[in-house]
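Q: sequence plus the predicted model coming up.
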Amino acid sequence: MPTKKEPIWIARDLIKCSGCRKCEIACSLYHENHIWPEASRIRVFMPVPGADFPHFCTQCEDYPCVKACPVNALSISKKTGAVLVKTKACIACGKCIDACPGRIPHMHPTENHVVICDLCNGNPQCVKVCQEGGWNVLTMVHRRTRPYKLYARTPEQIAKDLATKMYGEQAEEYL
């Protein structure tokens, strides 16, 4: 478990994901006060059957999304290192989405602002539910100990690697 002095990060063991989507449910309950996967800060993709995986902010050390925001609606939490969205300041221009190597920020389904994983103020609900369920796909760790750039990729790029790992080289031709 990380100390409060170091930024946290959520490690991912994507091959273990069952696609249960409990992480989306826990996130939407925490942030929206009801089950609403479309407004979740974590999204589960299933590009091919059996290759489900969670996709959410990797908390890049250079924060390209924050730098790209023309109205300074994005900031970095001093406590966790997570990207925070000032919803009233966000103009929903999408520049943060374009700047993100994983195209992770997405528009809230009904509000005029982006949503990005904020690590639930240091107590990520997705990690909690994943650990409680015994899947152990998501684990909270020190950010400095993980190669976060492996996950700062588009869902299509991650899906290609995951499907190849699961089904072999022939899977690439179908993606």
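A: Happy to help now that I have it.
Q: for the rest of this, base every contact and every neighbour count on C-alpha atoms.
A: Fine.
Q: quick check: L119 touching K79?
A: No - in this structure, L119 is not within contact of K79 by CA atoms under 8 Å, at 10.2 Å.
Q: buried sites along stretch 9-22?
A: For stretch 9-22, a neighbour-count test (16 or more other CA atoms under 10 Å) marks 9-12, 14, 17, 19, 21-22 as buried.
Q: typed the wrong thing, it's stretch 156-167
A: For stretch 156-167, by 16+ other CA under 10 Å, it's 158-160, 162-164.
Q: just the ones of the buried residues of stretch 9-22 in strands?
A: Counted as lying in strands by DSSP state E, out of the buried residues of stretch 9-22, are 9-12.
Q: returning to that earlier point: take the buried residues of stretch 156-167 and lay them out in JSON lines including pLDDT and secondary structure.
A: Below are the buried residues of stretch 156-167 laid out as JSON lines (pLDDT from 0 to 100; DSSP: H, G, I helix; E, B strand; the rest coil):
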{"residue": "I158", "pLDDT": "89", "secondary structure": "helix"}
{"residue": "A159", "pLDDT": "87", "secondary structure": "helix"}
{"residue": "K160", "pLDDT": "86", "secondary structure": "helix"}
{"residue": "L162", "pLDDT": "86", "secondary structure": "helix"}
{"residue": "A163", "pLDDT": "84", "secondary structure": "helix"}
{"residue": "T164", "pLDDT": "85", "secondary structure": "helix"}
